[in-house]
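No letters, just coordinates:
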């Protein structure tokens, strides 16, 4: 059996965990008890397990057809619903909650219900038929949920050899598909697929065939994770998914008494150095590119919480920042915490030129700028692909005094041709610019652009700089933090001798709203604290205020507002924007 957890889950550990981390335990038991009632929660929607087992979609009530998995089409009009909801259920994260609940309570009812569900699932699931066989990464997430549940329920009197044999047969069928199709697609799905095949080798005791898959994983890791620690797909969410995959495999190898290859340790360390530099006030990453709730380590904590990664890495001997506080998820996973008391000096400017991400920050003030390659592409000829990128070159994320001022809209939907999906990848939903409606890439489907444009950037002291040529104009943006104030200096140079229409956008945090707008200043109020922030500018025109929304997690939209400064570019233009807190008077 695969050893997922280093933690032995003894009575002493469980008692101490329950006493120290009551909030975590309550969240686990709440989810597990809902599962006992035959229900699960999917993106905020309570769904019936019996319906889901009959392939009834939780959002529309329509039944997904039983087709060979390669015959499905998911664009609008060809599917009964947004498949992402059904895929989320099919990851079976609720089994991990049930397994944890069994450990915390020693009540066999959680194992009984889990076994009943798994038996029904295996009975109705035929190899290669149905939506559960689509999306390599979702198969991997389901398999890891089952591996975790097997570890968490080990020793239960409800389980017998016959059940274990049926589970292993089902796991082998999924491994067979992952092994035969690991090369397609080539992005995060490939890395997670190979990692899961490696876990299967450990689970089934086939260490003799592991070297081949380790070499494939090494090649894929080096393709997806740049030397500077950034991620080729331009998505901090999917980057974290891949780091989780490397952490899970590294810990599993160590649990089985095997050496963890240097490329795994190196990939984790590079990524976490990048993450540590990008962490905004509050310890979360800026949203770059798509974010779709894709995780491997199911946990009760906030989706964007990052501390557990650094604790899991410390278990493998990788320490890149201080770990002075206990993380409940890492503690449950590992059984003990590693403390690194030396504080991590993470202020100043940070450059990641391979991925094109630049950061300046101090304790409470923070600015992120994107200026690099558009993202992973599949065709050199027309630079098409880029499955998780957005048109946000020269886009800015900004915090002042610990409060988010400028944000990234995130991702609301995944279906092809879905309106929210398309607009939230657009320049006008990011803090960047648009010339004559010439976009940074031509949107061809939910997961594809063509004819994309790259930027380039650099850091210079307390200033980060990005450059982009598009539509006959070259833009140079300089972002500077100075004593709690942020200055954005833009220069637009006409390259083709023509007149152009220029739009400059700022995507506001949902917590800030304009209360006064004139030709030199926008006064913003922070909802909740009643602080006021002035955005001063020298354009001499009033911006338009557009409604929008932000979705940091899938299907979870918050309303926000966007500012659009529109002007005719008849000659080279320099414009200055300054953000700083002011008194109302």
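Cool, the structure landed. Keep in mind the model is a prediction, meaning the values are calculated, not measured. Numbers count the residues shown, from 1 in each chain.

ok, which stretches of the stretch 151-300 of the chain are strands?
Counting by DSSP state E, counting those that start in this stretch, the stretch 151-300 of the chain yields no residue ranges for strands.

Domain-wise, how is this structure divided?
1-181, 198-346, 348-582 (automatic domain parsing).

Relative to the centre of this structure, find the outermost residue for me.
Seen from the C-alpha centroid of the chain, the residue lying at the greatest distance (C-alpha atoms, centre = their mean) is residue 497, 41.8 Å away.

State the number of residues packed around residue 71.
Residue 71: 9 surrounding residues under other C-beta atoms under 10 Å. The C-beta positions use only the backbone N, C-alpha and C, and glycine is treated the same way.

actually residue 205, not the one I wrote
Neighbourhood size, residue 205 [other C-beta under 10 Å]: 10.

Over to the one 4 residues further on?
As a burial measure, residue 209 scores 13 neighbours (other C-beta under 10 Å).

Please point out which parts of stretch 7-15 sit buried.
Neighbour-count burial for stretch 7-15 flags 7, 9, 13, 14 (criterion: 16 or more other C-beta atoms under 10 Å).

again, but for stretch 250-267
Taking 16+ other C-beta under 10 Å as the basis for neighbour counts, the residues of stretch 250-267 that come out buried are 250-255, 260-261, 263-267.

So what would you say the end-to-end distance of that stretch is?
In stretch 250-267, first residue to last residue: 11 Å (C-alpha to C-alpha, to the nearest Å).

any idea of the mean pLDDT in that stretch?
For stretch 250-267, the mean pLDDT works out to 97.

what sits up against it?
With C-beta atoms under 8 Å, 6 or more residues apart in numbering as the contact definition, stretch 250-267 has outside contacts at 2-6, 199, 202, 207, 214, 217-218, 221-222, 225, 243, 246, 249, 268, 312, 315-318.

ok so, going back, in JSON lines: the domains of the chain, plus distance to residue 189.
As requested, these are exported to JSON lines (distance: least, C-beta to C-beta, whole Å):
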{"stretch": "domain 1-181", "distance to residue 189": "4"}
{"stretch": "domain 198-346", "distance to residue 189": "10"}
{"stretch": "domain 348-582", "distance to residue 189": "9"}
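
Quick one: closest of these to residue 188.
Comparing these by their distance to residue 188 (C-beta to C-beta), the top pick is domain 198-346, with 4.7 Å.

next one: phi and psi at residue 357?
For residue 357, the backbone dihedrals (degrees, to the nearest 10) come out as phi -120, psi 140.

same question, residue 358
With angles defined as degrees, to the nearest 10, residue 358 shows backbone torsions of phi -140, psi 140.

which non-adjacent residue is nearest it?
With C-beta to C-beta, 6 or more residues apart in numbering as the measure, residue 464 is the residue that lies nearest to residue 358, at 3.9 Å, once sequence neighbours are left out.

pretty sure the one you found is in a helix, no?
No: according to DSSP: H, G, I helix; E, B strand; the rest coil, residue 464 belongs to no helix; its state is strand.

which residues touch it?
If a contact means C-beta under 8 Å, 6+ apart, then residue 464 has 349, 351, 358, 359, 360, 367, 369, 457, 458, 478, 479 as its contacts.

which of the contacts of stretch 250-267 are buried?
Burial by neighbour count, 16+ other C-beta under 10 Å: within these this picks out 2-5, 199, 202, 214, 217-218, 221, 225, 243, 246, 249, 268, 312, 315-316, 318.

what about the helices in the stretch 351-500 of the chain?
Under the criterion DSSP state H, counting those that start in this stretch, the stretch 351-500 of the chain carries helices at the ranges 419-423.

what stretches of the stretch 451-585 of the chain score poorly on pLDDT?
Low-confidence regions of the stretch 451-585 of the chain, defined here as pLDDT under 70, cover residues 585.

which residue is nearest the middle of the protein?
Nearest to the mean C-alpha position of the chain, by C-alpha atoms, centre = their mean, lies residue 237 at 1.6 Å.

okay, and for the stretch 201-350 of the chain, where does confidence drop off?
Low-confidence segments of the stretch 201-350 of the chain (pLDDT under 70): 341-346.

circling back: quick one: the residue nearest to the centre of the chain and residue 287 touch, right?
Yes: at 7.4 Å, residue 237 counts as touching residue 287 under the criterion of C-beta atoms under 8 Å.

sorry, back to before: and of the buried residues of stretch 250-267, the nearest to residue 126?
When the buried residues of stretch 250-267 are compared for distance to residue 126, the smallest value, 29.2 Å, is given by residue 252; criterion: C-beta to C-beta.

how close does the closest one sit to residue 317?
16 Å (C-beta to C-beta, to the nearest Å).

Endpoint to endpoint, stretch 2-13 covers what distance?
End-to-end span of stretch 2-13 (C-alpha to C-alpha): 21 Å.

what's the answer for stretch 458-473, then?
Start and end residues of stretch 458-473 are separated by 20 Å (C-alpha to C-alpha).

Likewise for stretch 74-88?
Between the opening and closing residues of stretch 74-88 there is a gap of 15 Å (C-alpha to C-alpha).

again, but for stretch 356-370
Taking C-alpha to C-alpha as the criterion, the two ends of stretch 356-370 lie 6 Å apart.

One more: stretch 290-300?
Using C-alpha to C-alpha, the end-to-end distance of stretch 290-300 comes out at 22 Å.

and that stretch, how far from the chain's centre?
If you compare the mean C-alpha spot of stretch 290-300 with that of the full chain, they lie 7 Å apart, counting by C-alpha atoms, centre = their mean, to the nearest Å.
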